[in-house]
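Colleague: I'd like to go over a predicted model; first the sequence, then the structure.
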Amino acid sequence: MTPVLDIRNLTIGFPKGGCANTVVHGIDLTINRGEAVALVGESGSGKSVTARSIIGLAGAGAAIRADRFDIDGSDVRNFDEKDWQRLRGGKIGFVLQDALVSLDPLRRISQQLSDAFGGRRLFRRPKRHEDSRLLLQSVGIPDPDRRLPQYPHQLSGGLRQRALIATAIARGPSLLIADEPTTALDATVQKQILDLLAERRKAGHTLLLISHDLAVVSHLADRVLVMNSGRIVEAGPAEQILRRPKHPYTQQLLDAVPSASSRGFRLSPATAANLRATPAQQHSQTGDRSRIPLPTKSIDHQIHILSARNLVKRYGGSGGISAVNDVSFDLAAGEALGIVGESGSGKTTVAKIVLGLAEPDSGTVYLDGERWSSVPEKERRHRRASMQLIAQDALSSFDPRYTVERIVGESLDSVGVFGAARRQRVLEVLDAVRLGEALLKRHPRELSGGQRQRVAIARAFAPRPRLLVADEPVSALDVSVQAQVLDLLAELQAASGTSLLFISHDLGVIHHLTDRVLVMKDGRIVEAGAVEDVFASPRHSYTRSLLEAVPALTGEAQSEACF
């Protein structure tokens, strides 16, 4: 049987400074009909540009060479743009990560499906409508007649992703490519999309899944190819790769997954002094996969750094949406408290109230025993240094004109540290986050994502705060970079005694890092307690549904990674 995709010795390069910068180095990729293959690796590994080359969208100036490049029996090495246009949609469907960006915000779902049908869009209107309705129904969208005239922004994240998949499969392509289709989705929405892709696979569809999430991969893939620095470093059946990885890089990806078993231990295999090393160097330096314990924290439950009492916040007046409804909790000195819930649960609104960026309609926040909410800003200003924020998107939180030295140093303004003392403190915290003096004069866009997040942590710790609020600080990071940042937070919190309010939709991260957890739904806390108790024996049905939705590695790995 002819493979749907048959690539031999694929090399992809881009011009750089008059020379060719090779990003993919002679890889082989074959996918048989009805097979699900996963290409895994971190940002910069070359997996996404490989996927885009398969649909002729590798990018301007891309130099693509291959000994063989056949798609559904056709040699595409000499295709022009018209040839590629005929192939897209008909032979290959493509699903990107962000449906809100991928779908046209100015066109109705019905119009976008009509476009996706291609030549069939000339059918009479009743036929087009029926085809579109059945297509939405096939991807699990309820009440399709209601959804067809809507715009993408009127759909939830899960429905948008389903609509995007519908446009990709409209013409029955031989191969469906899904590039990080569940990244940044809530656990239950992610499960819905994974179930949908699994249904397509069982129906005989051919799938190429691009991901850095090995738990997601384990649920869908027959074979796994692990990619690092433009090369395939390990390949084989999914069970073999995920249960008995041989290459250090694959081992690192598996070890970096936060879970119940990783609690109390470092996720990164490197020692603190070796965080600047490459993944391969880190493994050669550590020598094995044994866990390294995290430092022990000191928690004083008699001292409440933060207290919230009966917080209520509505948007749209008295008859509007209740974003936070009767929320109360305490955060002890040196403790890490997690808040979990899906989008719209109210967890970020709670963070804004705690930070003093939004005022509650009723209820009170106390910081170090003194009233913090609903007081004039001039009375809070001198206390703000004791509370710092680590945002999800570090790049957006920085002034792009500032250097690293100025970004970190600006947090010291409120505590009156200037001159030589200021520079000394900046150097201290940069060293603590494993950066250093060499980065002082760099600007944010000259840093990697992991470096930017470490600069954000350095800025937050610089004024020696009593409380740190972290709102989804690792959700946009690759698994290995996420591991390093989580290790760093745990180490710095233990060393400084800072209390941590950590907000996330990732239950694995919460289980690994925090001491207690609040589970929020529809603006309310539906369950609270020690994180191990809540995750081991959840009492509320919503908590159970969240835990059941989290993908876990199969086989032996699952027993280590499940909750």
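Modeller: Looks like it came in fine.

Colleague: Now do stretch 133-152: distance to the chain's middle.
Modeller: Centroid displacement of stretch 133-152 relative to its chain, using C-alpha atoms, centre = their mean, to the nearest Å, is 27 Å.

Colleague: Endpoint to endpoint, that stretch covers what distance?
Modeller: 16 Å (C-alpha to C-alpha, to the nearest Å).

Colleague: Same question for stretch 354-374.
Modeller: Start-to-end, stretch 354-374 (C-alpha to C-alpha) is 11 Å.

Colleague: Show me what that stretch is in contact with.
Modeller: 304-314, 324, 326-328, 349, 352-353, 377, 380, 383-384, 386-387, 389, 466-467, 469, 501 (C-beta atoms under 8 Å, 6 or more residues apart in numbering). All C-beta spots, glycine's among them, are computed from the backbone N, C-alpha and C.

Colleague: again, only this time at 6 Å
Modeller: Stretch 354-374 has contacts (C-beta atoms under 6 Å, 6 or more residues apart in numbering) with 307-314, 352-353, 380, 469.

Colleague: With stretch 414-426 instead?
Modeller: Contacts of stretch 414-426 (C-beta under 6 Å, 6+ apart): 384-385, 405, 408-409, 412, 462-463.

Colleague: Most widely separated two among these?
Modeller: 384 and 405 (21.5 Å; C-beta to C-beta).

Colleague: circling back to that earlier point, now distance to residue 182 and secondary structure too, for the contacts of stretch 414-426, in JSON lines please.
Modeller: Shown next, in JSON lines, are those (distance: C-beta to C-beta, whole Å; DSSP: H, G, I helix; E, B strand; the rest coil):
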{"residue": "384", "distance to residue 182": "37", "secondary structure": "helix"}
{"residue": "385", "distance to residue 182": "39", "secondary structure": "helix"}
{"residue": "405", "distance to residue 182": "38", "secondary structure": "helix"}
{"residue": "408", "distance to residue 182": "34", "secondary structure": "helix"}
{"residue": "409", "distance to residue 182": "39", "secondary structure": "helix"}
{"residue": "412", "distance to residue 182": "40", "secondary structure": "helix"}
{"residue": "462", "distance to residue 182": "36", "secondary structure": "coil"}
{"residue": "463", "distance to residue 182": "37", "secondary structure": "coil"}
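
Colleague: Can you tell me which of those is closest to residue 32?
Modeller: Among these, and counting by C-beta to C-beta, the member closest to residue 32 is residue 408, at 52.3 Å.

Colleague: Count residues in the vicinity of the closest one, would you?
Modeller: 29 (other C-beta atoms under 10 Å).

Colleague: Would you confirm that it contacts residue 458?
Modeller: Yes - proximity of residue 408 to residue 458 meets the contact threshold set by C-beta atoms under 6 Å, at 5.0 Å.

Colleague: one step back: specify which member of the contacts of stretch 414-426 is nearest to residue 260.
Modeller: Distances from residue 260 to these, taken by C-beta to C-beta, are shortest for residue 462, at 33.0 Å.

Colleague: List the contacts of that closest one.
Modeller: 408, 411-412, 425, 429 are the contacts of residue 462 under C-beta under 6 Å, 6+ apart.

Colleague: ok, and what's touching the helix or strand containing residue 303?
Modeller: Counting by DSSP states H and E, the element that carries residue 303 is strand 300-315. With contacts defined as C-beta under 6 Å, 6+ apart, strand 300-315 is touched by 320-333, 349, 353, 360-366, 466-467, 499.

Colleague: What's the end-to-end length of stretch 242-249?
Modeller: End-to-end for stretch 242-249, by C-alpha to C-alpha: 12 Å.

Colleague: Residue 159 versus residue 480, what's the distance?
Modeller: Counting by C-beta to C-beta, to the nearest Å, the separation of residue 480 from residue 159 is 32 Å.

Colleague: ugh, wrong one, I meant residue 208
Modeller: Residue 208 is 24 Å from residue 159, by C-beta to C-beta.

Colleague: More neighbours: which of those two?
Modeller: residue 208 (25 against 22).

Colleague: ok, the strand holding residue 303: who's next to it in the sheet?
Modeller: strand 321-333 (antiparallel), strand 362-367 (antiparallel) (DSSP bridges).

Colleague: helix or strand right after the longest one?
Modeller: With elements assigned by DSSP H and E, the helix or strand that comes after strand 321-333 is strand 336-340.

Colleague: how big is the angle separating that next one from strand 321-333?
Modeller: 160 degrees (axes from the mean of the first three to the mean of the last three C-alpha atoms, to 10 degrees).

Colleague: Against which helices or strands is strand 336-340 packed?
Modeller: Here strand 336-340 touches strand 499-504, helix 507-513, strand 516-521, going by 3 or more C-beta pairs under 6 Å, 6 or more residues apart in numbering; DSSP states H and E.

Colleague: contacts for the second one?
Modeller: Helix 507-513 is touched from outside by 258-260, 262-263, 336, 338, 340, 486, 504, 517, 531, 535, 550, with contacts defined as C-beta under 6 Å, 6+ apart.

Colleague: so residue 133 sits in a strand?
Modeller: No - counting by DSSP: H, G, I helix; E, B strand; the rest coil, residue 133 is not found in a strand; it is helix.

Colleague: Make sure it is actually in contact with residue 144.
Modeller: Yes - the pair residue 133 / residue 144 is scored as a contact, 4.7 Å apart, by C-beta under 6 Å.

Colleague: For the two, work out which one has more neighbours and name it.
Modeller: Ranked by neighbour count (other C-beta under 10 Å), residue 133 and residue 144 place residue 144 first, with 22 against 17.

Colleague: Excluding residues flanking it in the chain, which one is nearest residue 405?
Modeller: residue 440 (4.3 Å; C-beta to C-beta, 6 or more residues apart in numbering).

Colleague: What is the burial count for that neighbour?
Modeller: When neighbours are counted by other C-beta under 10 Å, residue 440 comes out with 17.

Colleague: What of residue 25?
Modeller: By other C-beta under 10 Å, neighbour count at residue 25 equals 15.

Colleague: Thanks again, I'm all set now.
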